[in-house]
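Chemist: Would you be able to build a 3D model of this:
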Amino acid sequence: VQLVESGGGLVQPGGSLTLSCAASGFTFSRYRMSWYRQAPGKERELVASINSAGSSINFAESVKGRFAISRDNAKNTVMLQMTNVKPEDTAVYYCKASSPGIWSSDYWGQGTQVSVSS
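Modeler: Predicted coordinates for the structure are as follows:
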């Protein structure tokens, strides 16, 4: 299993950024995919999650209306579109894959840094 995030960087407040997570080594279309983030000195938190079919999506309250999550099962990719970003969005963003079934296993990417600053 491999998850590789990309697209992070420095962005000004109010700007936009799109993160991508390329998956390999497992049946991507069967897995729930999620984006988490971890700011310095804080716990890792869920940002957004999408089910295997893309029909069920959840967002953290702090990003509702600003972020969107989508997936392309043909390309084994999940994306996080970030708009109207704020300084408090600064964090390392991680992609997570969760296997189906009762005994679910989680797989994590290495993370990509997003910094929001003027």
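
Chemist: I figured residue 24 hits residue 2, correct?
Modeler: Yes - in this structure residue 24 lies within contact range of residue 2 using CB atoms under 8 Å: 4.8 Å. Using the backbone N, CA and C atoms, a C-beta is placed for each residue, glycine as well.

Chemist: Next, the contact list for residue 25, please.
Modeler: Residues near residue 25 by CB atoms under 8 Å, 6 or more residues apart in numbering: 1, 2.

Chemist: Can you give me the distance of it to residue 98?
Modeler: 15 Å (CB to CB, to the nearest Å).

Chemist: Report whether residue 29 is found in a helix, as I expect.
Modeler: Yes - counting by DSSP: H, G, I helix; E, B strand; the rest coil, residue 29 is located in a helix.

Chemist: how many neighbours does the closest residue to it other than its chain neighbours have?
Modeler: Once flanking residues are discounted, residue 29 sits nearest to residue 73: 4.1 Å by CB to CB, 6 or more residues apart in numbering. By the criterion of other CB atoms under 10 Å, residue 73 has 17 neighbours.

Chemist: Please apply the same query to residue 110.
Modeler: That count, for residue 110 with other CB under 10 Å as the rule, works out to 11.

Chemist: Would you confirm that it contacts residue 4?
Modeler: Yes - assessed by CB under 8 Å, residue 110 is found in contact with residue 4 at 7.4 Å.
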